[in-house]
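Colleague: Provide a 3D model corresponding to the input given below.
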Amino acid sequence: MVYNNIVSKKNKIIISVCVPLAVVIILITILLPILLLKPTKAKNVEVVANANQIVVKTSVVEKERTYKFKFVSVDGEKVFDSQSHVFDITELLWTNELKLGTEYEVSVCLVDKSGILAGDFGEAFRFVPELTLDQVQNVTYNEQTNSLEWQSVRGADGYNIYYNLEDKLVKAVSEQTNFSLADVVGGERNIFVTAYSNNEFLHESDKSNTVSLVVEHQIAEISSARIDLENNLVIECSEKLCGIELFDEISQTTYSISIGSVTALSNG
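Modeller: Alright, predicted model coming up:
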């Protein structure tokens, strides 16, 4: 009777020891392959940016690995999956999933081929994304409307129109994809267009193709002409005049008078 009790107690002890041991063995059997298959810690990231594109990349690693790129800012954290070690974020900036002018800490981790096991994220790289607007394309002159026309540019709030006038460059602005030449001073003009944005981190584009043409337009009708008390001819017109021509109906003679001899009251 005493012997049976001793044996029973031994059996209980053995069973009690075997159960935790079995659990440990099972856990090791499960976790060891996971630990062996878990990807290594990723390398650091590098940001490569040019005027119209920004990519984030890391070193190429062993085969059958994908990548997770993590972007951390004051607005929170966003993680994007990528099949390649090079991740183009340009479109994410255009769609506002990532924001221009926002400081990000970007890092990357490796993921096994199953997509389940991920390694540790590498050291974060800090940067502020900025882009430049695309170049304005196909600036052409429309003779019927006496205006320049061009294709719209993604993200542009408006367009700057530049043309030469003597020894300086004059700038006009249009929020449309056209610009009337009615207010451009007549003469030989070289004109090009750039796109601009009100976002300071979306920079003005490079200049478009240059359109060379002779700008001509009809001067507005003279409002009045009179002789003042000092016997000077006074012309009132809405435009600035360089000179006028007078026609004497009696003698049928035309006189050309330069601006130096004419006092022009201009509203322009």
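
Colleague: going forward, measure contacts and count neighbours with C-alpha atoms only.
Modeller: OK.

Colleague: just for the protein, where's the confidence low?
Modeller: In the predicted model, the chain carries pLDDT under 70 at residues 1-42, 61-64, 114-118, 217, 220, 238-241, 259-268.

Colleague: in stretch 201-212, what's buried?
Modeller: Within stretch 201-212, the residues that count as buried by 16 or more other C-alpha atoms under 10 Å are 201-211.

Colleague: Backbone dihedrals for the closest residue to Ser73 other than its chain neighbours, both of them.
Modeller: Nearest residue to Ser73 in three dimensions, chain neighbours excluded: Tyr104, at 4.9 Å (C-alpha to C-alpha, 6 or more residues apart in numbering). The phi and psi values for Tyr104, taken as degrees, to the nearest 10, are phi -120, psi 150.

Colleague: same deal with Glu105?
Modeller: Backbone phi and psi, for Glu105 under degrees, to the nearest 10, turn out to be phi -110, psi 110.

Colleague: Assess the claim that it and Gly76 are in contact.
Modeller: No. Using C-alpha atoms under 8 Å, Glu105 is not in contact with Gly76, being 10.7 Å away.

Colleague: Between those two, tell me which one has more neighbours.
Modeller: With other C-alpha atoms under 10 Å as the criterion, Glu105 and Gly76 differ in neighbour count, and Glu105 comes out ahead with 16 against 8.

Colleague: Now do the contacts for the closest residue to the more buried one other than its chain neighbours.
Modeller: Nearest residue to Glu105 in three dimensions, chain neighbours excluded: Arg126, at 4.4 Å (C-alpha to C-alpha, 6+ apart). When the contact criterion is C-alpha atoms under 8 Å, 6 or more residues apart in numbering, the partners of Arg126 are 103-106.

Colleague: likewise Tyr162?
Modeller: If a contact means C-alpha under 8 Å, 6+ apart, then Tyr162 has 169-172, 191-193 as its contacts.

Colleague: And these, which of them are buried?
Modeller: In terms of neighbour count (16+ other C-alpha under 10 Å), the buried residues within the contacts of Tyr162 are 191-193.

Colleague: on that earlier part again, quick check: the gap between the residue nearest to Ser73 and Gln252.
Modeller: Remark: distance between Tyr104 and Gln252 (C-alpha to C-alpha, to the nearest Å) = 79 Å.

Colleague: Looking at the two, which has the bigger crowd around it?
Modeller: It is Tyr104, of Tyr104 and Gln252, that has more neighbours when counted by other C-alpha under 10 Å, with 22 against 7.
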